[in-house]
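> next input, structure requested:
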Amino acid sequence: DHGFVSISEKADRETLNTIEDNYYIEHNFDPKEYELQKLLSTLNGNPFLNISDVITRRDHLKTQLTAVSKRVSKLILENSSSYTTELQRVTVLTGALQDSIETCHKARRNLRRAQYQITTRNLSLIRNEMRKQQWINVLKNIEKLKKLHSFDQKLKEMVKHEDFVGAIQLYSQCGNTVHHYKEYQCIRDLSTKLQDTLDFIEESIDVTLAKLCSYFNPHTYQRLLNAYRLLGKSLTSMDQLQMHFVNVVQTRTLEILLKTVGTINNEQNLSSYSDLCKMVPEESFSSCLHELNVCFWQIIKSYKLIWLWHEKNPPSIELTNSDTPEPSQEFLLQKLESGSSRLWHEIQQKMKTFILESN
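Numbers count the residues shown, from 1 in each chain. Here you go, the predicted model:
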């Protein structure tokens, strides 16, 4: 009967229950020292141990040891089947590991054999294919470098047709490519050449801007502003325009007077505006004055058309690719307003000098 518990088992259970908790400590526990201190604590002033107490404690410990031994033996017997099963599993696992090791050894031997069996011809094919890919990459790089060297002429053609925005964008693309291949000596030389081309583009933009001071073209002016935005020079473009208007007044008046008085000797070419006014013949005074008035009228007309253009077309930042702030419409109109006074003063001075200095 499973419910039956023998007297011996019941006694052993009670004995196990009497084992003190200190004996269950796995580390740093000395049972001899513990029992000795326990006996000494019962002396009550007596300098000697009572032999009967020692024998009683010894017998009690023996009884506990016997009960523990029985319980351990019983647990071993109860778990013997599990131990056997686990041992069998470990044995099977050990055999599988040995088979795996043998398989690895065979695979390595076969691999070495295969390596020895690869012919030199196959290795040469692999090496030749690698060289082929390297040469293909070299040819691609050469083709790109060849295109880069042709970009300089293409940029000049675009500038010739006043496609300044396209030229600047193409220059930026070339600059990125040049930076990618900067380790090549020919690219370093091309980098310097491209910088000269950029200077040529900016100079061409400035020359075209100066031409608008006499004959304004809204489409050309729009392209120039877009180009200045790409260059990040929108703030200085208006200053350049103001300077060109003043310069064109000075240069055009000198050209008209030189044409009127004639260019017979070098001294007249080097004369000042005031001296040239004195050289104007009396019979040519009216025609020269008329030509000056037409010139001034064209300049003022261009200035006014630019002013009206900015009133109708607020600045756009779609093409701006720099961190330079874009000038506002109010700022540009203020610039034009202040510049108009300077331009008008310059024209008045030229006309006054011409009238007063002429004979």
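> so which helix or strand takes in the residue most central in space within the chain?
Centroid-nearest residue in the chain, with CA atoms, centre = their mean: residue 176, separated by 13.5 Å. For residue 176, the element it lies in under DSSP states H and E is helix 164-180.
> next secondary structure after that helix?
From helix 164-180 onward toward the C-terminus, using DSSP H and E, the following helix or strand is helix 185-211.
> show me what counts as buried in that following helix.
In terms of neighbour count (16 or more other CB atoms under 10 Å), helix 185-211 has its buried residues at 187, 190-191, 194, 197-198, 201-202, 204-206, 208-210. Quick note: C-beta positions are derived from backbone N, CA and C, even for glycine.
> quick one: residue 245 and residue 336 touch, right?
No - under the criterion of CB atoms under 8 Å, residue 245 makes no contact with residue 336, lying 10.1 Å away.
> any common contacting residues for those two?
Common neighbours of residue 245 and residue 336, counting by CB atoms under 8 Å, 6 or more residues apart in numbering, are residue 303.
> how far away is residue 61 from residue 334?
When distance is defined by CB to CB, to the nearest Å, residue 61 is 110 Å away from residue 334.
> ok, residue 75 next?
Using CB to CB, residue 75 is found at 102 Å from residue 334.
> ok, these two, which is more surrounded?
Comparing residue 75 with residue 334 by other CB atoms under 10 Å, the one with more neighbours is residue 334, at 13 against 10.
> could you check how far the more buried one is from residue 27?
90 Å.
> what residues are up against the residue in the chain sticking out farthest from the centre?
Using CA atoms, centre = their mean, the residue of the chain lying farthest from its centre is residue 52. It sits 91.4 Å away. Under the criterion of CB under 8 Å, 6+ apart, residue 52 has no contact partners.
> let me know the pLDDT of it.
Confidence at residue 52, expressed as pLDDT, is 82.
> ramachandran coordinates for it?
Main-chain torsions, residue 52, degrees, to the nearest 10: phi -70, psi -40.
> where's it relative to residue 233, distance?
When distance is defined by CB to CB, residue 52 is 115 Å away from residue 233.
> again, but for residue 50
In this structure, residue 50 and residue 233 are separated by 112 Å, where distance is defined by CB to CB.
> end-to-end on stretch 276-284?
Between the opening and closing residues of stretch 276-284 we find a distance of 13 Å, counting by CA to CA, to the nearest Å.
> so for that stretch, mean pLDDT?
Along stretch 276-284, the predicted local confidence has a mean pLDDT of 88.
> let me see the ranges of the strands in the stretch 251-359 of the chain.
Listed in chain order, the strands found in the stretch 251-359 of the chain under DSSP state E, counting those that start in this stretch amount to none.
> any low-confidence regions in it?
In the prediction, the stretch 251-359 of the chain carries residues with pLDDT under 70 at positions 263-271, 316-325, 359.
> hmm, try it at 90
By pLDDT under 90, the weakly predicted segments of the stretch 251-359 of the chain are 259-284, 311-339, 357-359.
> and stretch 329-348, how far from the chain's centre?
Going by CA atoms, centre = their mean, to the nearest Å, the spacing between the C-alpha centre of stretch 329-348 and its chain's C-alpha centre is 43 Å.
> what comes into contact with it?
Counting by CB under 8 Å, 6+ apart, stretch 329-348 makes contact with 238-239, 241-242, 245-246, 249-250, 296, 299-300, 303, 306-307, 310-311, 314-315, all of which sit outside it.
> among those residues, name the buried ones.
Members of the contacts of stretch 329-348 that pass the buried threshold by neighbour count (16+ other CB under 10 Å) are listed as 238, 241, 242, 245, 246, 249, 296, 299, 300, 303, 306, 310.
> packing partners of the one helix or strand the fourth one maps to?
Assigned by DSSP H and E, residue 245 falls within helix 234-261. Contact here means 3 or more CB pairs under 8 Å, 6 or more residues apart in numbering; DSSP states H and E; on that basis helix 234-261 packs against helix 185-211, helix 218-231, helix 266-269, helix 273-279, helix 285-312, helix 329-357.
> buried residues in the fifth one?
Using 16+ other CB under 10 Å as the test for burial, helix 285-312 gives 285, 288-289, 291-292, 295-296, 298-300, 302-303, 305-306, 310.
> show me how far the helix or strand where residue 65 lies is from its chain's centre.
Assigned by DSSP H and E, residue 65 belongs to helix 51-78. For helix 51-78, the gap between its own C-alpha mean and the chain's C-alpha mean amounts to 79 Å (CA atoms, centre = their mean).
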